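> all I have is the shape, not the residue letters:
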């Protein structure tokens, strides 16, 4: 039996009601779109999930479901999102608000930026009356199951208000009161092995994105400092916003949160972003059991798919931000893994290994971040080790030159 926790993740859909062929179209997802799988990202991904029989325990969207408060786009995408949940055989379907989801431009109301989301027939961000009310009143809500706990945090809660509405719109925010209230709730609840925080805005800066208006979340430092303490369990943070994916650990000790920045599902990528990534969707596969040292509770891998108009969804190829799949969870030293690999290659038995054979000998390699894997490859190359990759950027063989 598979004990893993599988989470389908999408973000930054930017659905709208313009013609999909309009030059001003902000994304590939329109309420007027054809339902052809190679031309509609949602229809295509639902088709992929059905074809590959992909199932998930949880389906998440990290915000910006619509573009600039487009109500028709929001209704269309919210309906398709729940269709995706049915295709993936999960009732755990959750989202959080992004800056574009708030009607802070007041297209649908002269005073209520939250009203558009609150009026959806299937409640946003989850279809439960009490939890719906808590999310909108307290800026977050917690839902949980036997082995996991999920926090939905509204980092766009103050958009459309404040002393300076224009300035507030330029960033996300979690207030000191929300941090205090959230931590108190976590302290009083039963500890879970897997803890997930879903929000929209960046909690820390990705230095590979060169934007003047980065608009990260105000107040996030205090939240991350507390989540890094280990007092509230080990955490996976999932967010979107800037459309360029990333995966790293926050500052802190050995239990600092893993931060997964999801790329955009369907936005029309700007020139800078298009040089770094494609439109993507993800399956996060969290292992509920492992007996290895130096591996955290938040351990597993992420599978990635890329979208191409006219071709549909396909596994991410070499050159994407992540290898496919990419691992996470190893908290030991990289040099220790390099030494183990060199020791195997310098032994008497054989001078090369298939990558699957190497993973059996050194299972910690399954949980190495993509950036650390690049470092391992670089260090091995200096020791005259040759590495062969496939078209997906996955290592298939390693040996002495």
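Sure thing, it's come through. The structure presented is a predicted model; accordingly, all values stated were derived computationally and were not measured.
> what number of residues lie near residue 170?
By other Cβ atoms under 10 Å, 13 other residues sit near residue 170. Where C-beta positions appear, they are placed from N, C-alpha and C, glycine not excepted.
> setting the sequence-adjacent residues aside, check what's closest to it.
Nearest residue to residue 170, sequence neighbours excluded (Cβ to Cβ, 6 or more residues apart in numbering): residue 215, at 5.5 Å.
> do you know how far residue 373 is from residue 338?
Between residue 373 and residue 338 the computed distance is 11 Å (Cβ to Cβ, to the nearest Å).
> now residue 317
27 Å.
> quick one, which of these two is more surrounded?
Set residue 317 next to residue 338 and count neighbours by other Cβ under 10 Å: residue 338 wins out with 19 against 14.
> so that one touches residue 379, yeah?
Yes - counting by Cβ atoms under 8 Å, residue 338 touches residue 379, with 4.8 Å between them.
> so what's the gap between stretch 343-362 and the chain middle?
Between the centre of stretch 343-362 and the centre of its chain there are 33 Å (Cα atoms, centre = their mean, to the nearest Å).
> same check on stretch 314-330?
Centroid separation for stretch 314-330 versus its chain: 13 Å, with Cα atoms, centre = their mean.
> stretch 83-101 now?
Taking mean C-alpha positions (Cα atoms, centre = their mean), stretch 83-101 and its chain are 13 Å apart.
> give me the distance between the two termini of it.
20 Å (Cα to Cα, to the nearest Å).
> low-confidence ranges in this protein?
Confidence mapping of the chain against pLDDT under 70 gives the ranges 1-2, 105-106, 109-111, 161-167, 206-214, 348.
> now the helices: where do they sit in the stretch 101-250 of the chain?
115-118, 129-138, 165-168, 176-188, 220-227 (DSSP state H, counting those that start in this stretch).
> show me which residues of the strand of greatest length in the chain are buried.
Longest strand in the chain, counting residues (DSSP state E): strand 295-308. Buried residues in strand 295-308, counted by 16 or more other Cβ atoms under 10 Å: 295-307.
> just give me the closest of those to residue 275.
Nearest to residue 275 among the buried residues of strand 295-308: residue 306, at 14.4 Å, using Cβ to Cβ.
> report the central residue of the chain.
The centroid of the chain falls nearest to residue 262 when counting by Cα atoms, centre = their mean (3.7 Å).
> contacts only, for that one.
Residue 262 makes contact with 9, 10, 11, 12, 62, 238, 239, 240, 245, 280, 282, according to Cβ atoms under 8 Å, 6 or more residues apart in numbering.
> give me the distance between residue 386 and residue 350.
From residue 386 to residue 350 the distance is 14 Å (Cβ to Cβ).
> I should have written residue 253 there, sorry.
Counting by Cβ to Cβ - residue 253 and residue 350 are separated by 39 Å.
> for residue 168, same thing?
61 Å.
> who has more neighbours, these two?
Set side by side, residue 168 and residue 350 show more neighbours around residue 168, with 18 against 11, by other Cβ under 10 Å.
> surely that one meets residue 155?
No - with contact defined as Cβ under 8 Å, residue 168 does not count as touching residue 155 (11.7 Å).
> what do these two both touch?
Joint contacts of residue 168 and residue 155 (Cβ under 8 Å, 6+ apart) do not exist.
> quick check: phi and psi at the residue nearest to the centre of the chain.
phi -80, psi 140 (degrees, to the nearest 10).
> neighbouring contacts of the biggest helix by length in the chain?
Identified as the longest helix of the chain according to DSSP state H is helix 71-87. Helix 71-87 is contacted by residues 8, 10, 13-17, 29-31, 42-43, 45-46, 49-50, 59, 61, 65-67, 91-93, 95, 101, 107-108, 116-117, 120, 122, 124 when judged by Cβ under 8 Å, 6+ apart.
> stretch 340-350 too?
351-353, 358, 361-362, 376, 380, 383, 385, 398-400.
> show me where the stretch 151-300 of the chain has strands.
172-173, 194-198, 217-218, 235-239, 246-249, 258-261, 279-286, 295-308 (DSSP state E, counting those that start in this stretch).
> need the ones you listed in a markdown table (columns: distance to residue 139).
Shown next, in a markdown table, are the strands of the stretch 151-300 of the chain (distance: least, Cβ to Cβ, whole Å):
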| stretch | distance to residue 139 |
| --- | --- |
| strand 172-173 | 9 |
| strand 194-198 | 13 |
| strand 217-218 | 12 |
| strand 235-239 | 15 |
| strand 246-249 | 25 |
| strand 258-261 | 20 |
| strand 279-286 | 25 |
| strand 295-308 | 24 |
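> closest one to residue 37 among those?
strand 295-308 (10.7 Å).
> and that closest one with strand 279-286, angle?
160 degrees (axes from the mean of the first three to the mean of the last three Cα atoms, to 10 degrees).
> pull up the pairing partners for the helix or strand that comes right after strand 295-308, direction included.
Where DSSP states H and E defines the elements, the next helix or strand beyond strand 295-308 is strand 312-315. Sheet pairing here is set by DSSP bridges, and for strand 312-315 it gives strand 295-308 (antiparallel).
> between the partner strand and strand 194-198, how big is the angle?
40 degrees.
> chain center to strand 295-308, what's the gap?
Counting by Cα atoms, centre = their mean, strand 295-308 comes out at 9 Å from the chain centroid.
> let me see the ranges of the helices in the stretch 301-401 of the chain.
Under DSSP H, counting those that start in this stretch, the stretch 301-401 of the chain gives helices at 334-345, 355-361, 370-381.
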